[in-house]
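Novice: Curious how this folds, go ahead:
(one chain, ligands or ions: 1)
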Amino acid sequence: MGAKILLIEDEEKLARFVELELNYEGYDVTKAFEGREGCRLALSEDFDLILLDIMLPGLSGMEVLRRIRRSSSVPVIMLTARDSVTDKVSGLDLGADDYITKPFAIEELLARIRNALRRKAQGREDEALSALGLRLEPKGRTVEYEGQPVELTKKEFDLLHCLLKNKGMVMTREALLENVWDFDFDGGTNAVDVYIRFLRGKIDEVYDIKLIHTVRGVGYVIKDE
Ligand code: CA
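Specialist: Sure, this is the predicted structure:
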């Protein structure tokens, strides 16, 4: 299933046109023709992206955005009726991710949607992760245990990152190989065991914690307890 998009737009003809085009691209679209209903949907369902018109009956697009931002960082693209600098600036100030001026070419809207979704996925990839006092910062590629730097090689870091991203989920050796090593790596799954040993030597043993658990016959899991 494609990404879930909420379209809040009171011009029904335009909304239906955009919906058709988005469906054609494989997106799953929910429409709201009014601000209050759009806001309710935005806060009660899990959308990947919101297209939000500024001039709306009920609640204005700006007010809808303000309410959404109190509790959600979902990407929002504002649809502005005119080329108003004020609207763009206040929309961006309120936390909109992007805007597009009507009338727009559907290709431009699609490109902006793809960008916003890509940035969202990237943001998740860049998120700092932690477990048991250990903290991994993907952007600077640093790891700390209770503030003390932990020096890891590239592969050790990537393996730890992969396990932390899937904290609480058992990762098979095959899944770890596929995620951390190149596809053409032919060293076999015991490379995973070797690197798990390196990681334990640098973390579990040094700080006397049980971070990486072995699930016999399956793989490995990081537990935060
Ligand atoms: Ca409107």
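Novice: Report how many residues lie close to the residue of the chain found nearest the ion.
Specialist: Closest contact between the chain and the ion, by C-beta to the ion, is at Met55 (3.9 Å). The way it works is simple: take the backbone N, C-alpha and C, and place the C-beta from them, glycine included. For Met55, the count of nearby residues is 17 (other C-beta atoms under 10 Å).
Novice: What distance do you get for it to Cys162?
Specialist: 46 Å (C-beta to C-beta, to the nearest Å).
Novice: show me where the chain has strands.
Specialist: With strands called from DSSP state E, the chain shows them at 4-8, 28-32, 49-53, 76-80, 98-101, 129-131, 134-137, 142-145, 148-149, 171-172, 212-215, 219-222.
Novice: so where's this structure shaky on pLDDT?
Specialist: Within the chain, the set of residues satisfying pLDDT under 70 comprises 1, 82-84, 182-187.
Novice: can you give me the helices for it?
Specialist: Along the chain, counting by DSSP state H, helices occupy 12-24, 35-44, 61-71, 85-93, 106-126, 154-165, 173-180, 190-202, 204-207.
Novice: Show me which parts of the longest one are buried, residue by residue.
Specialist: In other words, helix 106-126. Neighbour-count burial for helix 106-126, with 16 or more other C-beta atoms under 10 Å as criterion, is recorded at 109-110, 112-113, 116-117, 120.
Novice: again with stretch 216-225
Specialist: Buried residues in stretch 216-225, counting neighbours by 16+ other C-beta under 10 Å, are found at 219-222.
Novice: Which among the helices of the chain is found nearest to Ala3?
Specialist: Set against Ala3 and scored by C-beta to C-beta, the helices of the chain come closest in helix 106-126, at 5.7 Å.
Novice: Check which helices and strands that closest one is in contact with.
Specialist: helix 12-24, strand 49-53, strand 76-80, strand 98-101 (3 or more C-beta pairs under 8 Å, 6 or more residues apart in numbering; DSSP states H and E).
Novice: Try it again at 6 Å.
Specialist: The contact analysis (3 or more C-beta pairs under 6 Å, 6 or more residues apart in numbering; DSSP states H and E) places helix 106-126 against strand 98-101.
Novice: chain center to the strand it packs on, what's the gap?
Specialist: Strand 98-101 sits 21 Å away from the centroid of its parent chain (C-alpha atoms, centre = their mean, to the nearest Å).
Novice: ok, now stretch 141-155?
Specialist: For stretch 141-155, the distance from its own C-alpha centre to the chain's C-alpha centre is 24 Å (C-alpha atoms, centre = their mean).
Novice: Give me the contact list for it.
Specialist: Residues outside stretch 141-155 that contact it (C-beta atoms under 6 Å, 6 or more residues apart in numbering) are 133-136, 157, 195, 207.
Novice: how about a markdown table for those, with neighbour count and distance to Ala32 added?
Specialist: Output for those, formatted as a markdown table (neighbours: other C-beta atoms under 10 Å; distance: C-beta to C-beta, whole Å):
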| residue | neighbour count | distance to Ala32 |
| --- | --- | --- |
| Gly133 | 14 | 44 |
| Leu134 | 21 | 43 |
| Arg135 | 17 | 40 |
| Leu136 | 22 | 39 |
| Phe157 | 19 | 44 |
| Tyr195 | 20 | 49 |
| Tyr207 | 15 | 51 |
